[in-house]
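In: Here is my input; please provide its structure:
(2 chains)
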Amino acid sequence: MSVDLVAVFFVAAGLVAAGAFAAAWRRDLTAALAGVPLMFAGAGVAMVGIERFSAAGGPHLVGQEFAVLLAIAAVALVALGLGVSGREGSR
Amino acid sequence: MDSLHAIGFYVSSGISLAGALGVALLPRRDQRGAALGLVGLGLAGLYVSLSAGFAALLALLCYLGAAWLIASPQYRSIEGVAGAAWRQMGAVGGAGLLAVLAYSAFRGDLVHAVYYGGEFGATALSRLMFARDAMATEAVAALVLVVLAGATAAWRVRERGR
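Out: As a prediction, this is how the structure comes out:
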């Protein structure tokens, strides 16, 4: 049993597509917002996989660092979106 | 990669994809929050199996935070203005996106071609983005985040002014 870049890309594709589906399908906008971290997770998996499998013999890649930045951006976007939607009874 | 890491990779993949389907399909917000937490757990497992331990820790923390926010009952629900037909088209578009991405993943290295600058493909592109132009890529990502935050703040100020 082994893992290669193609398997990593398949998982990333599944996460990105599930996030896009959630963002498009949900009627409630705050529920659709939950699709954004999924898409970012798929991008992060692809970047970490690229660094893991494509960096051999080459220069150091920053896929891990970019994945961390994406995770932070995901939680920031969720917080911003929910902040824009407002709390119950605030309007 | 040894068998233990490979097993961890496939188990974590299953956990994260199951959580992603839960986020997309579960009806209640606490269930969606729990599913997003499951995605974070699977994502951390994926990163660990890909030898990215620090990224796994930070991703787990961030996604648990996002799950807590999503599950919180104190935020209002906002009904979208898009009709059912548009949402169905979006869902079909998501399926099409999966097909395109799976095909490109199956191809592995996207396109094999040679131009005057050297080999062109996913590996060469990633070396450009994450090694030679890493600082520029990070700067563009930070700029996009600042633009999003600024647009949100501007929208909020305009809504309050009405």
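In: so what pLDDT did residue 80 get?
Out: Looking at chain A here, since you left the chain open. Predicted confidence (pLDDT) for residue A:80: 79.
In: right idea, wrong chain: chain B
Out: So residue B:80 comes in at 66 (pLDDT).
In: now swap in the one 4 residues further on and tell me
Out: According to the predicted model, the pLDDT of residue B:84 comes to 76.
In: Could you count how many residues lie near it?
Out: Residues contacting residue B:84 under the criterion other CB atoms under 10 Å in any protein chain shown number 8. Heads up, the C-betas are built off the backbone N, CA and C, glycines and all.
In: Residue A:66 now?
Out: Residue A:66: 24 surrounding residues under other CB under 10 Å.
In: Nearest to chain A: which residue in chain B?
Out: At 2.6 Å from chain A, residue B:90 is the closest residue in chain B, using CB to the nearest CB.
In: low-scoring stretches of the chain, by residue?
Out: As the question left the chain open, I've gone with chain A. Along chain A, the parts satisfying pLDDT under 70 run over A:55-61, A:86-91.
In: oops, chain B please
Out: For chain B, the stretches with pLDDT under 70 are B:1, B:80-82, B:108-121, B:161-162.
In: Where do the domain boundaries of it fall?
Out: Domain segmentation of chain B under automatic domain parsing yields B:1-73, B:83-120.
In: For the chain, just list every one of the helices.
Out: Unless you meant another one, I'm taking chain A. Secondary structure of chain A (DSSP state H): helices at A:5-25, A:29-32, A:35-54, A:63-85.
In: Not quite, go with chain B.
Out: Here chain B has its helices, by DSSP H, at B:3-25, B:29-49, B:53-71, B:84-107, B:122-127, B:134-161.
In: Report all helices and strands that the fifth one contacts.
Out: What it means is helix B:122-127. helix A:35-54 (3 or more CB pairs under 8 Å, 6 or more residues apart in numbering or on different chains; DSSP states H and E).
In: Need the helices of chain A in a markdown table (columns: distance to chain B).
Out: Shown next, in a markdown table, are the helices of chain A (distance: least, CB to the nearest CB, whole Å):
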| stretch | distance to chain B |
| --- | --- |
| helix A:5-25 | 3 |
| helix A:29-32 | 4 |
| helix A:35-54 | 4 |
| helix A:63-85 | 4 |
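In: Chain neighbours aside, what residue packs nearest to the residue nearest the centre of chain A?
Out: When CA atoms, centre = their mean is applied to chain A, the residue found nearest the centroid is residue A:40 (1.5 Å). What sits nearest to residue A:40 in space, not counting adjacent residues and going by CB to CB, 6 or more residues apart in numbering or on different chains, is residue A:74, at 4.1 Å.
In: picking up where we left off before, do you know which of the helices of chain B lies nearest residue A:45?
Out: In terms of CB to CB, the element of these nearest to residue A:45 is helix B:29-49, at 5.7 Å.
In: This completes my enquiry, with thanks.
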